[in-house]
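Asks: Provided below are the primary sequence and the corresponding predicted coordinates.
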Amino acid sequence: MKHRSVVIGVSTIQQKGDFENLDEALLLMDQAVKEALSDSGNKSIKDQIDEIRIPKGFWRYRDPGKWIAKNNDFKKIPTTHVAKIGVLQQNLINEACLKIENGEINAAIILGGEARYKQLRSIIEKKEYSETKLDENPDFYIKAKEDLYGDEELKELGAMAVGYYASMETAIRKNDDETIEEHQNNIASMYEEFSKVASNNEDAWLDHPYSREEILVISKKNKMLAYPYNKLHCTSWNVNQSAALIICSEELANKLEIDNNKRVYPISSSENNHMIAIQQRPKLYESLGMIYAAKSINKMMKKLDIRLDAYDLYSCFPAAVKMFSKSLELGSEIPKTITGSMPYAGGPLNSFVIHSTVKMIQKIRALEVRHGLVTGVSGMMTKQSFCVWGKEYQKQFIFDDVTERAKLDENPVELSNIAEGEGEIIGYTIIQGSDNAPKAVLYLDDEKKHRKVVSSLDKNFINLLMEEEWVGKKVKFKDGQATP
């Protein structure tokens, strides 16, 4: 017999101010748990928690879950999971829901938190930042099976996500047949609308909207981070934020007399966990696995006769919003965020999906939304997730992992072993090099349609790359350097 999984408690925490008024991530997460327990209406749920699942942030704690359980006097010692970047945040929620539905556990807490703002304030105020030492390992430390990066792209772009997404963005621009000017105006206008939503979200990091002009124009406060992205296009992870949600079985919720107004149900979720580094993706502007996962959700909504009336599309960079929107076949008139997006609501590393899910649940509770969809990403648009939430439970929580289907149909492109030759640009960006000089990074298909990543420090070429569309054009390369 299947059991029903239901969310009964949620919370979000945000701190601003001077260094001394800010907490480290552990205390932020602890506070989120306390508030989620209180939000449920019956704090004794804490004695029924079987699992605590946490996506890893910048912090160094080995097992914050055990510390939080002890600090809150949980009667049980919960099984703890910590998931590294490369594991979908939605997967932590899905695993808990599936275990509850199968009767393996009764309740779980999913939480995350980040204190990068406190670290930033420590630098500004010249204070020493330290974290509580937690050296005990969690019961399960979850890592992705494959690497997020190819060797050449890691050498040229480093580990920061912005250059990878910016390279995808230029590929999307070409595929959408936009001019440079049209594209720049469109992404600025899209994020202008997002900032308006954030300014009305009490949980958002920024409390005022930005104009299209402010987002579009490069300035001291809006530097170009990776062409065509400025700072205001990009996720903001220097935040002090945390969030938590409590999921349990309907039977336990009934036993604890949890108010029906608190209950929100996971309806259906799909995941794509097929990992291909950007360097080897057949197309930089789309993912077959994402398309399959989106089709799965749309098909299920049609079968259940559910009309989605709210979305929060993962919004670390414009490329993510565009790819999700296209895979779901959403019109331009449909609002894409309820949070206000990661540049403005805040983008705590590896835990934003918990925040967006909590916000969706709060809107469903308030009857502002009947059914809402939250999407998620792990890595460099490497994995994708979709989850629909609603006030009424369906026959069961429907989960679809499209990974194996994606593996069959989307194969990595072979890497080029040619040191010198000619290649067609399929995506590119411009970043700040090691000596602060601009550097162009180009993804190429060589004459054999094998993939190569090269760079250029030629200022004239770099200017041309920003003034004209170069995706689809050919360049020469030698020993990793490109020339027009």
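Replies: Thanks, I have the structure now. Numbering: from 1, shown residues only.
Asks: Strands along the stretch 251-400 of the chain, start to end?
Replies: 265-272, 310-312, 371-378, 383-390, 398-401 (DSSP state E, counting those that start in this stretch).
Asks: Quick check: which of those strands is nearest to residue 249?
Replies: Closest approach to residue 249 among the strands of the stretch 251-400 of the chain (Cβ to Cβ): strand 265-272, 11.7 Å. In short, each C-beta sits where N, CA and C put it, glycine included.
Asks: What residues of the closest one count as buried?
Replies: Neighbour-count burial for strand 265-272 flags 265, 266, 267, 268, 269, 270, 271, 272 (criterion: 16 or more other Cβ atoms under 10 Å).
Asks: can you check stretch 182-189 too?
Replies: 183, 184, 186, 187, 188.
Asks: Closest one of those residues to residue 72?
Replies: residue 187 (43.2 Å).
Asks: ok so that closest one is a helix residue?
Replies: Yes: counting by DSSP: H, G, I helix; E, B strand; the rest coil, residue 187 is found in a helix.
Asks: Adding mean pLDDT and distance to residue 352 as columns, could you present the strands of the stretch 251-400 of the chain in CSV?
Replies: As requested, those are exported to CSV (pLDDT from 0 to 100; distance: least, Cβ to Cβ, whole Å):
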stretch, mean pLDDT, distance to residue 352
strand 265-272, 98, 17
strand 310-312, 99, 9
strand 371-378, 98, 8
strand 383-390, 98, 12
strand 398-401, 97, 21
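Asks: Let's have the ones you listed in a markdown table, adding distance to residue 124.
Replies: As requested, the strands of the stretch 251-400 of the chain are exported to a markdown table (distance: least, Cβ to Cβ, whole Å):
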| stretch | distance to residue 124 |
| --- | --- |
| strand 265-272 | 39 |
| strand 310-312 | 31 |
| strand 371-378 | 30 |
| strand 383-390 | 35 |
| strand 398-401 | 44 |
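Asks: Quick check: which of those is nearest to residue 118?
Replies: strand 371-378 (25.0 Å).
Asks: elements contacting the closest one?
Replies: helix 89-101, strand 310-312, helix 318-328, helix 352-365, strand 383-390 (3 or more Cβ pairs under 8 Å, 6 or more residues apart in numbering; DSSP states H and E).
Asks: between the last one and strand 265-272, how many degrees?
Replies: In terms of direction (axes from the mean of the first three to the mean of the last three Cα atoms, to 10 degrees), strand 383-390 departs from strand 265-272 by 160 degrees.
Asks: ok, now how distant is residue 188 from residue 333?
Replies: With distances taken as Cβ to Cβ, to the nearest Å, residue 188 is found 18 Å from residue 333.
Asks: I meant residue 200, not that one.
Replies: For residue 200 relative to residue 333 (Cβ to Cβ), the value is 19 Å.
Asks: The two: which has the busier surroundings?
Replies: residue 200 (10 against 5; other Cβ atoms under 10 Å).
Asks: That one: what's it in contact with?
Replies: Neighbouring residues of residue 200 by Cβ atoms under 8 Å, 6 or more residues apart in numbering: residue 340.
Asks: Adjust the sequence numbering to begin at 360 for everything that follows.
Replies: Yes, from this point I'll number from 360; that puts the last item at residue 559.
Asks: Read off the pLDDT value for it.
Replies: According to the prediction, residue 559 has pLDDT 96.
Asks: what does residue 564 give?
Replies: So, for residue 564, pLDDT stands at 97.
Asks: Quick check: pLDDT value at the closest residue to it other than its chain neighbours.
Replies: In space, and not counting its chain neighbours, residue 564 is closest to residue 705: 3.5 Å by Cβ to Cβ, 6 or more residues apart in numbering. With respect to pLDDT, residue 705 scores 95.
Asks: you'd agree residue 705 is up against residue 601?
Replies: No: using Cβ atoms under 8 Å, residue 705 makes no contact with residue 601, being 10.7 Å away.
Asks: Give the residue spans of the stretch 510-659 of the chain that score low on pLDDT.
Replies: For the stretch 510-659 of the chain, no stretch has pLDDT under 70.
Asks: again, 90 this time
Replies: The model of the stretch 510-659 of the chain has pLDDT under 90 over residues 566.
Asks: Which parts of it are helices?
Replies: 510-516, 520-534, 539-558, 571-575, 609-614, 647-662 (DSSP state H, counting those that start in this stretch).
Asks: and the longest one, what does it pack onto?
Replies: Pointing back at helix 539-558 there. By 3+ Cβ pairs under 8 Å, 6+ apart, helix 539-558 packs against helix 520-534, helix 571-575, helix 677-687, helix 701-704.
Asks: deepest of the helices of the stretch 510-659 of the chain, which one?
Replies: helix 520-534 (a mean of 25; mean count of other Cβ atoms under 10 Å).
Asks: list the helices and strands that one packs on?
Replies: Looks like helix 520-534 contacts helix 510-516, helix 539-558, strand 583-585, strand 588-589, helix 677-687, strand 779-791, strand 797-805 (3+ Cβ pairs under 8 Å, 6+ apart).
Asks: what's near enough to touch the residue lying closest to residue 363 once chain neighbours are set aside?
Replies: Closest residue to residue 363 apart from its sequence neighbours, by Cβ to Cβ, 6+ apart: residue 609 at 3.7 Å. Residues near residue 609 by Cβ under 8 Å, 6+ apart: 362, 363, 364, 365, 752.
Asks: With residue 638 instead?
Replies: Residue 638 neighbours (Cβ under 8 Å, 6+ apart): 508, 509, 511, 512, 774, 802, 810, 812.
Asks: Can you tell me the closest non-neighbouring residue to it?
Replies: residue 509 (3.2 Å).
Asks: same deal with residue 522?
Replies: residue 516 (4.0 Å).
Asks: Distance of the one you found relative to residue 530?
Replies: Distance, residue 516 to residue 530, by Cβ to Cβ: 15 Å.
Asks: for residue 776, same thing?
Replies: Relative to residue 530, and taking Cβ to Cβ, residue 776 is found at 23 Å.
Asks: contacting residues around the residue most central in space within the chain?
Replies: Nearest residue to the geometric centre of the chain (Cα atoms, centre = their mean): residue 736, 4.2 Å. Residues near residue 736 by Cβ under 8 Å, 6+ apart: 447, 673, 675, 679, 742, 743, 744.
Asks: Domains in this protein, by residue range?
Replies: Per the record, the chain has its domains at 364-495+596-768, 779-842, by automatic domain parsing.
Asks: Please name whichever of the ones you listed is nearest to residue 526.
Replies: Once the domains of the chain are compared by Cβ to Cβ, domain 779-842 is nearest, at 4.3 Å.
Asks: got the end-to-end distance for the closest one?
Replies: 11 Å (Cα to Cα, to the nearest Å).
Asks: One more: stretch 783-799?
Replies: OK, stretch 783-799 end separation, Cα to Cα: 15 Å.
Asks: repeat for stretch 581-600
Replies: Using Cα to Cα, the two ends of stretch 581-600 sit 23 Å apart.
Asks: How many neighbouring residues does residue 503 have?
Replies: 18.
Asks: Tell me the confidence at it?
Replies: Residue 503 is given a pLDDT of 88.
Asks: With residue 792 instead?
Replies: Reported pLDDT for residue 792: 80.
Asks: need the contact list for it.
Replies: 798, 816.
Asks: same thing with residue 741?
Replies: 445, 503, 507, 634, 635, 636.
Asks: Figure out the helix or strand that residue 828 lives in.
Replies: Residue 828 is part of no helix or strand when elements are defined by DSSP states H and E.
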